[in-house]
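A.B. asks: Sequence plus predicted model, see below.
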Amino acid sequence: MESTAIVIREQGGPEVLRPERVDVPSEAGPGEAIVETAYAGVNFLDIYQREGRYPMELPYVPGSEGSGRVVAVGEGVTEVEPGDRVAWESVPGSYARHLVAPAARLLPVPDGVDDAQAAALPLQGLTAHYLATDSHPIRKGETVLIHAGAGGTGLVLTQVAKILGATVITTVSTDEKAEISREAGADHVLVGYDGFDGRVRDLTGGLGVHAVYDGVGQSTFDRSLASLRRRGTFVLFGGASGPVPPVDPMRLAAAGSVKLTRPTLNDFVADPDELRFRYRDLLDWAFLGQLKIRVHAEYALEDAAQAHRDLAGRGTIGKLLIRTN
């Protein structure tokens with residue numbers, strides 16, 4: 001059958017995101033499900049792939065996160081059945097009205113969670129979960145620094161850190177974003193990035209934080225390193241301002257025997273059982289009212305280029321979604 005998808009045929013700026021008519025299999029293959037999508041999440045990963053920072057085989061349909069309803073399943077599928085509402089992450093081709101997905105990667109969406117919330121939760125929610133429970137397992141009473149506290153991941157990570165008992169310091173770029181970060185539970189919000197390491201030291205009695213969660217990258221790296229206490233952990237999980245240049249390991253010794261890790265989500269959800277237990281935690285926290293996902297804006301599928309421009313401009317607060325149907 002025919003459907004519509006955004007197809008990228010060359011790396012470049014947002015203008016390479018163009019809608020096209022595409023063919024969708026009439027039947028799902030073994031272990032697969034065909035999903036009629038409702039929403040696709042928009043993430044910096046999509047931008048990095050579009051620009052060529054993360055090379056992709058061309059042409060391709062961008063997006064790896066979304067929500068929708070199963071319309072067909074293939075041989076051997078036991079995880080879902082037609083009519084099920086599902087969400088997903090790390091499933092390529094989500095900027096489309098139909099998606100063929102490995103059934104084992106589909107996550108059940110319970111009643112009470114709408115399609116928009118279901119699409120907004122997986123990637124940033126699962127990212128926040130592994131960052132706070134594995135990359136640096138937060139212990140009650142610790143103090144952590146989270147950059148871009150009003151961004152999609154920052155808002156979720158702040159809430160997860162509070163659930164785990166941390167004191168949270170965030171950085172944001174504007175007073176408006178500071179208010180949003182406080183609403184998410186941040187104990188201290190630093191407006192502006194100049195000299196944040198000194199302000200972090202002041203807030204921690206000169207000791208520094210137990211962990212820095214840095215998705216900004218190049219422009220914050222040096223001051224993030226200077227914000228850590230002895231034997232702290234630097235979790236570098238993104239590069240919104242650009243990639244970090246190579247680092248001399250002796251800098252970690254000079255900073256107080258600190259640890260540096262550069263994790264990626266796929267390594268923490270590769271096992272379907274691990275994927276599901278992380279997702280269940282998120283749903284439990286959402287059900288209890290401890291975790292709320294803020295959606296900044298929704299875009300039509302044909303306006304995917306504008307969604308990329310807005311996200312790259314770093315003027316958004318919360319999650320961006322593309323309505324795919």
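C.D. replies: Yes, it's here.
A.B. asks: any idea where the strands of the stretch 151-300 of the chain begin and end?
C.D. replies: Along the stretch 151-300 of the chain, the segments classed as strands by DSSP state E, counting those that start in this stretch run 167-172, 188-191, 209-214, 228-236, 259-261, 295-300.
A.B. asks: a markdown table for the ones you listed, including mean neighbour count?
C.D. replies: (C-beta placed from N, C-alpha, C; glycine too.) A markdown table is the format used below for these (neighbours: other CB atoms under 10 Å):
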| stretch | mean neighbour count |
| --- | --- |
| strand 167-172 | 26 |
| strand 188-191 | 20 |
| strand 209-214 | 27 |
| strand 228-236 | 20 |
| strand 259-261 | 16 |
| strand 295-300 | 17 |
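A.B. asks: any chance of those strands in JSON lines, plus distance to residue 31 and mean pLDDT?
C.D. replies: Formatted as JSON lines, those follow (distance: least, CB to CB, whole Å; pLDDT from 0 to 100):
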{"stretch": "strand 167-172", "distance to residue 31": "41", "mean pLDDT": "98"}
{"stretch": "strand 188-191", "distance to residue 31": "46", "mean pLDDT": "98"}
{"stretch": "strand 209-214", "distance to residue 31": "35", "mean pLDDT": "98"}
{"stretch": "strand 228-236", "distance to residue 31": "34", "mean pLDDT": "98"}
{"stretch": "strand 259-261", "distance to residue 31": "33", "mean pLDDT": "98"}
{"stretch": "strand 295-300", "distance to residue 31": "32", "mean pLDDT": "94"}
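A.B. asks: so which of the ones you listed comes closest to residue 84?
C.D. replies: Taking CB to CB, strand 295-300 is the member of the strands of the stretch 151-300 of the chain nearest to residue 84, at 22.7 Å.
A.B. asks: Going by the annotation, which residue ranges form each domain of the chain?
C.D. replies: With domains defined by automatic domain parsing, the chain comprises 2-121+293-323, 124-266.
A.B. asks: Any idea how far apart the tips of the last one sit?
C.D. replies: Its first and final residues considered, domain 124-266 spans 12 Å by CA to CA, to the nearest Å.
A.B. asks: Looking at the chain, which helix is longest?
C.D. replies: With secondary structure taken from DSSP state H, the chain has its longest helix at helix 272-287.
A.B. asks: tell me the mean pLDDT over it?
C.D. replies: Mean pLDDT, helix 272-287: 90.
A.B. asks: buried set for that helix?
C.D. replies: For helix 272-287, a neighbour-count test (16 or more other CB atoms under 10 Å) marks 275, 278-279, 281-283, 285-286 as buried.
A.B. asks: Dump the C-alpha coordinates for it into PDB.
C.D. replies: The C-alpha coordinates for helix 272-287 follow below in PDB (Å, rounded to 0.1, in the frame of the first residue of the first chain):
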ATOM      1  CA  PRO A 272      14.100  -6.200  25.200                       C
ATOM      2  CA  ASP A 273      13.700  -7.100  28.900                       C
ATOM      3  CA  GLU A 274      15.900  -4.200  30.000                       C
ATOM      4  CA  LEU A 275      14.000  -1.900  27.700                       C
ATOM      5  CA  ARG A 276      10.700  -2.900  29.200                       C
ATOM      6  CA  PHE A 277      11.800  -2.600  32.800                       C
ATOM      7  CA  ARG A 278      13.000   0.900  32.200                       C
ATOM      8  CA  TYR A 279       9.800   1.800  30.500                       C
ATOM      9  CA  ARG A 280       7.700   0.300  33.300                       C
ATOM     10  CA  ASP A 281       9.500   2.500  35.800                       C
ATOM     11  CA  LEU A 282       8.700   5.600  33.700                       C
ATOM     12  CA  LEU A 283       5.000   4.600  33.500                       C
ATOM     13  CA  ASP A 284       4.900   3.900  37.200                       C
ATOM     14  CA  TRP A 285       6.300   7.300  38.000                       C
ATOM     15  CA  ALA A 286       4.000   9.000  35.500                       C
ATOM     16  CA  PHE A 287       1.000   7.100  37.000                       C
END
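A.B. asks: Now do the contacts for the closest residue in space to residue 256 that isn't next to it in sequence.
C.D. replies: In space, and not counting its chain neighbours, residue 256 is closest to residue 230: 3.7 Å by CB to CB, 6 or more residues apart in numbering. When contacts are counted by CB atoms under 8 Å, 6 or more residues apart in numbering, residue 230 touches 207-208, 256-258.
A.B. asks: Farthest-apart pair in those, please.
C.D. replies: 207 and 257 (14.2 Å).
A.B. asks: can you count the residues close to the nearest residue to residue 290 once chain neighbours are set aside?
C.D. replies: Spatial nearest neighbour of residue 290, chain neighbours left out: residue 163 (5.4 Å); criterion: CB to CB, 6+ apart. Using other CB atoms under 10 Å, residue 163 is surrounded by 16 other residues.
A.B. asks: Many thanks, have a good one.
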